[in-house]
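[1] let me see the structure of the following:
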Amino acid sequence: MARKDVSTLRDEAAAAVEKGKLKQALELYGELERRQPKEASWPKRIGDVHRRLGDNGDAIAAYERAVEAFVQAGFAVQAIAVCKLILVIDGDHAPTLERLTKITENTSAVRPGAGRRKPVTLTPTRVRRANEVEAAAPGPAATIAHAAAAAADARPARPSPPRPQPSPPRAPPPPPSPSDEPAQIHAPVPRRSSVVATPVVLPPGTGLDGVALAFAATAGRIYSTGQVAQLDRAALADPTARGLRMEYRLISGNGDALADAKALGDERGKSVLGAKSAAPQGWPTDLVVQKTAAPAGFKLNPALTVPGVLAWSDPDDAIAVLRIFGAPAVLPPPLSGLYTVASRPVADLSGGGRLVRLVGGFLPTYAAIAQYEGFQVIGLGFSPEAATRALDRGRP
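    Predicted coordinates:
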């Protein structure tokens, strides 16, 4: 029998994952990794399959191999994103925390202006507090009141030391030859955003799951039609990409988040689908929705609209606004099944309200929350600025 080529094995492995034949997928991806040991996408996909099977130890081992392959290839963005996947499974995984620190320091050493800032050592406590790599599995719903009370414990920021004068700019390196040049996704900034766009660099021949990792590493704040299209293709076979896309669609309204939730079939997907029931678990059933016009530029978001809540999204700006007709102390479903509120608020808002970080997902997600008489407004976005902008546009 003729030996199957790599493309055939890849397609068969993707089809096995799609059909739920996970053991077969592991064998096929294992063969691909043996043939192409330097290709990071194969151990990464092996880790995804082990994670779906509940084999967390094997998943971490595979993800570690993927991190090493990305590092050896010189692609720190993808290596950091896979480190975050490990920390989803074990937030205190010491080897990964140490590796993440080294990758971050090495990246800072070659980034322009990096010499102006001292590298930060990532301890487990600092990881959780800073929320840079925090993605622990969601537990009991954290109360918004707790997040507000925790602000009193926040230490004042230390004054920044004077910055040295920048060095004269260096001459740019010669451009690489076309055959060696990595593909770049130049992602324009969403409208009304102050985020500066930077290209996401992918290695030549990177698998589609690498595109998903790059999307996660840029937090979804810098995106383009092409980047979202690549994520859509990755989601056809990669569970990580599908879960990430579900989060992106849930808030942006740019696609069908409920379809992704159904296709996932895991606990996170079930929590999104369960929110559409008549009485979502842990959510008051006596909230009465009042007729309210959508904020200008927003459209109804059916995935976030649950009993007692009206939700809208602006797909062009990738933000959402929720109006809750009551004053519950917890996040509404499905947010409560996907995220917890970080213990320390990010900021108090000048127009009233509080900005908090939601942890537990692939994409950094923020909520700007304001309480009014008889109802509450929550603005959601993938950056602090986006969440604040959503609240401002959704205020009564």
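
[2] CA atoms of the strand or helix carrying Glu12 as PDB?
    Per DSSP states H and E: Glu12 is located in helix 6-18. The C-alpha trace of helix 6-18 is given here as PDB (Å, rounded to 0.1, in the frame of the first residue of the first chain):
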ATOM      1  CA  VAL A   6       1.100  14.700   4.600                       C
ATOM      2  CA  SER A   7      -1.900  16.600   3.100                       C
ATOM      3  CA  THR A   8      -4.000  13.400   3.000                       C
ATOM      4  CA  LEU A   9      -3.100  12.600   6.600                       C
ATOM      5  CA  ARG A  10      -4.000  16.100   7.700                       C
ATOM      6  CA  ASP A  11      -7.400  16.000   5.900                       C
ATOM      7  CA  GLU A  12      -8.200  12.600   7.400                       C
ATOM      8  CA  ALA A  13      -7.200  13.800  10.900                       C
ATOM      9  CA  ALA A  14      -9.400  16.900  10.600                       C
ATOM     10  CA  ALA A  15     -12.300  14.800   9.400                       C
ATOM     11  CA  ALA A  16     -11.900  12.400  12.300                       C
ATOM     12  CA  VAL A  17     -12.000  15.300  14.800                       C
ATOM     13  CA  GLU A  18     -15.100  16.700  13.000                       C
END
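
[3] hmm, Arg245 is touching Gln230, no?
    No: with contacts counted by CB atoms under 8 Å, Arg245 stays clear of Gln230, the gap being 10.8 Å. No exception for glycine: its C-beta is placed from N, CA and C like everyone else's.

[4] could you check which of these two is surrounded by more residues?
    Arg245 (29 against 20; other CB atoms under 10 Å).

[5] ok so, going back, quick one: mean pLDDT for the helix holding Glu12?
    Helix 6-18 carries an average pLDDT of 87.

[6] renumber starting at 15 from here on
    In the new numbering, first residue 15, that becomes helix 20-32.

[7] which strands and helices sit next to that helix?
    In terms of contacts (3 or more CB pairs under 8 Å, 6 or more residues apart in numbering; DSSP states H and E), helix 20-32 is packed against helix 36-49, helix 55-67.

[8] at which residues are the strands of the stretch 215-364 of the chain located?
    313-314, 323-328, 333-338, 354-355, 361-362 (DSSP state E, counting those that start in this stretch).

[9] to Phe396, which of the ones you listed lies closest?
    Among the strands of the stretch 215-364 of the chain, the nearest to Phe396 by CB to CB is strand 333-338 (8.3 Å).

[10] which parts of stretch 102-109 are buried?
    Val102, Ile103, Asp104, Gly105, His107 (16 or more other CB atoms under 10 Å).

[11] end-to-end on that stretch?
    14 Å (CA to CA, to the nearest Å).

[12] average model confidence for that stretch?
    Per-residue scores along stretch 102-109 average to 87.

[13] with stretch 382-401 instead?
    The model assigns stretch 382-401 a mean pLDDT of 90.

[14] stretch 299-311 too?
    Mean predicted confidence for stretch 299-311 is 83.
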